[in-house]
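Student: Provided below for reference: sequence and predicted model.
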Amino acid sequence: MLWLSTRADASWKFFKGGVGMSKHPFSRFFGLGEKEETIEEHHQMEEIRNEVHEIPINSITPNRFQPRSVFVDEKINELAQTIETHGIIQPIVVRELQEGRYEIIAGERRFRAVSKLGWETIPAIINNLSDTETASVALIENLQREELSPIEEAIAYSQLIELHQLTQEGLANQLGIGQSTVANKIRLLKLPETVQSAVMNKQITERHARSLIPLKDAELQDKLVEEIIEKGLNVKQTEERVNKLLSKDTEKKPRSIRKAFSKDMRIAVNTIRQSMTMVKDNGINLDSEEAEFDDFYQITIRIPKKKQ
C-alpha cells in the first residue's frame, strides 16, 4: 500500500502498491520469521504495522545507530521541496522509547526535510523493535543507498559484524556482496582520523586512502594526504610515492650483506609486503621471514592451515 499526505490535506489516501512493512526485509539478521505464525496473528501484526499515526515532530529523536554522519543540506532542501509539492509518499518508521517519545528507525532524511518545512507532525508507522533490530535496520537501509561515504560504509559493516557476531565472510554472504568489498572497506578504519576525514570530505578518494595503508606510520600517512591534496596526485602517483617511502624504510634497516636493489626488485618486494598486509588485515595470522643473498632476495611465508 502507498500512503500520501500533503500539508494542505492531512487525510490519508490509500493506493494499491505497498509500503513495505508486511515482511521485514532484515529477518535473516534478527531471526525473525523463523517461527510460524497463525493466519490470525499475521493479520493482527499487519494491521499494527500498517497503522499510520501523525506524530509530533518535537517528540521524535534521530536514530542513535545512524551510520550517516554527514547530511548534505542541498539534498535535504531538495527533498523538502519535493515533499512540499507532492507530500510524503512513504511514512517514516519509529519505535516508542517511552510514552510520547519516539526514535526513528527508518526515514531520517524525510524527518529532517519535514522539520525544515516547519511541519508540526509527520506520518509514521510505529514498530517497536529491539536495539539490535533498530541498529540493523538503520545500517542496512543506509547501505542500500549510494550516498554513504566509504568511511560510513566501513563503520556500518563493522557495526553489523559486532552486533551479530559475524565474520567478514558471513556478513558478505548475508548482504550478497563479495568478502573483498567488506574487507577493503573495513581496512579504511585502520587509517588515522585525519585521513578518514579527508575521505569523508571528498578531498581524496577511497583508492587514495587504501594505497596509504601499507605505510603503517600515521605521521607519514598524514603528510602524504597533504601532498595528495596540495599537488592533486592521482592514485598511481600516490602508489609510487608510497613505494618510494617503503623503499627508504627498507634501506634504513641494517643488513649483514648489502647489495643494491634494482628498481624492479624493490617494486616486487614492496608488492609482496603489501599483499601480506592485506592477508593479515583479513584475519589470517601468517608469518614471514626475509633474507638477502648474493644472487637473490628470499621471502618465506608460512600460512597456518587452521584459523588461529
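Tutor: That came through, no problem.
Student: doesn't Val94 fall inside a strand?
Tutor: Yes - looking at Val94 with DSSP: H, G, I helix; E, B strand; the rest coil, it is inside a strand.
Student: who's it bridged to?
Tutor: Per DSSP bridges, the residues bridged to Val94 are Ile104, Ile126.
Student: How about the contacts made by it?
Tutor: Ile55, Ile60, Tyr102, Glu103, Ile104, Ile105, Ala124, Ile125, Ile126, Asn127 (CB atoms under 8 Å, 6 or more residues apart in numbering). The C-beta positions use only the backbone N, C-alpha and C, and glycine is treated the same way.
Student: any idea which of those residues is closest to Gly118?
Tutor: Distances from Gly118 to those, taken as CB to CB, are shortest for Ile60 (14.7 Å).
Student: Kindly state the beta-bridge partners for the closest one.
Tutor: Assigned bridge partners for Ile60, using DSSP bridges, are Tyr102.
Student: If any of the contacts of Val94 are buried, give me the PyMOL selection for them.
Tutor: Only the buried entries of the contacts of Val94 go into this PyMOL selection, using 16 or more other CB atoms under 10 Å:
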select buried, resi 55+60+102+103+104+105+124+125+126+127
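Student: Any chance of the contacts of Val94 in a markdown table with distance to Gln81 and pLDDT as columns?
Tutor: Output for the contacts of Val94, formatted as a markdown table (distance: CB to CB, whole Å; pLDDT from 0 to 100):
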| residue | distance to Gln81 | pLDDT |
| --- | --- | --- |
| Ile55 | 23 | 93 |
| Ile60 | 21 | 95 |
| Tyr102 | 25 | 95 |
| Glu103 | 27 | 93 |
| Ile104 | 21 | 92 |
| Ile105 | 25 | 90 |
| Ala124 | 21 | 94 |
| Ile125 | 24 | 93 |
| Ile126 | 28 | 93 |
| Asn127 | 28 | 89 |
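Student: leaving aside the residues next to it on the chain, what's closest to Asp131?
Tutor: Among residues not flanking Asp131 along the chain, Phe65 sits closest, at 7.8 Å (CB to CB, 6 or more residues apart in numbering).
Student: between the contacts of Val94, which is closest to Thr300?
Tutor: Checking the contacts of Val94 against Thr300 by CB to CB gives Ile105 as the nearest, at 52.2 Å.
Student: Now for the residue nearest to the closest one when sequence neighbours are not counted: which residues touch it?
Tutor: Excluding the flanking residues, the one nearest Ile105 by CB to CB, 6+ apart is Val93, at 4.4 Å. Val93 is in contact with Met21, Ile104, Ile105, Ala106, Gly107, Ala124, Ile125, Ile126, Asn127, Val137, counting by CB under 8 Å, 6+ apart.
Student: I'd assumed Val242 was in contact with Glu227.
Tutor: No - contact criterion CB atoms under 8 Å: Glu227 and Val242 do not qualify, at 11.0 Å.
Student: Compare the two and say which is more crowded by neighbours.
Tutor: Val242 (20 against 14; other CB atoms under 10 Å).
Student: Now the helix or strand harbouring the more buried one: buried residues?
Tutor: Per DSSP states H and E: Val242 is located in helix 235-252. Neighbour counts over helix 235-252 (16+ other CB under 10 Å) mark Val235, Thr238, Glu239, Arg241, Val242, Asn243, Leu245, Leu246, Ser247 as buried.
Student: Could you report the distance from the last one to Leu215?
Tutor: The span separating Ser247 from Leu215 equals 12 Å under the rule CB to CB, to the nearest Å.
Student: Run a quick neighbour tally on Leu212.
Tutor: Leu212 - counted by other CB under 10 Å - has 28 other residues nearby.
Student: That one in helix, strand or coil?
Tutor: Secondary structure for Leu212, judged by three-state DSSP, is helix.
Student: is it true that it touches Thr238?
Tutor: Yes - between Leu212 and Thr238 there is a contact at 7.4 Å, judged by CB under 8 Å.
Student: ok, back up a step: let's have the contacts of Val93 in TSV, adding distance to Gln144.
Tutor: Formatted as TSV, the contacts of Val93 follow (distance: CB to CB, whole Å):
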residue	distance to Gln144
Met21	16
Ile104	16
Ile105	14
Ala106	11
Gly107	13
Ala124	20
Ile125	18
Ile126	22
Asn127	18
Val137	11
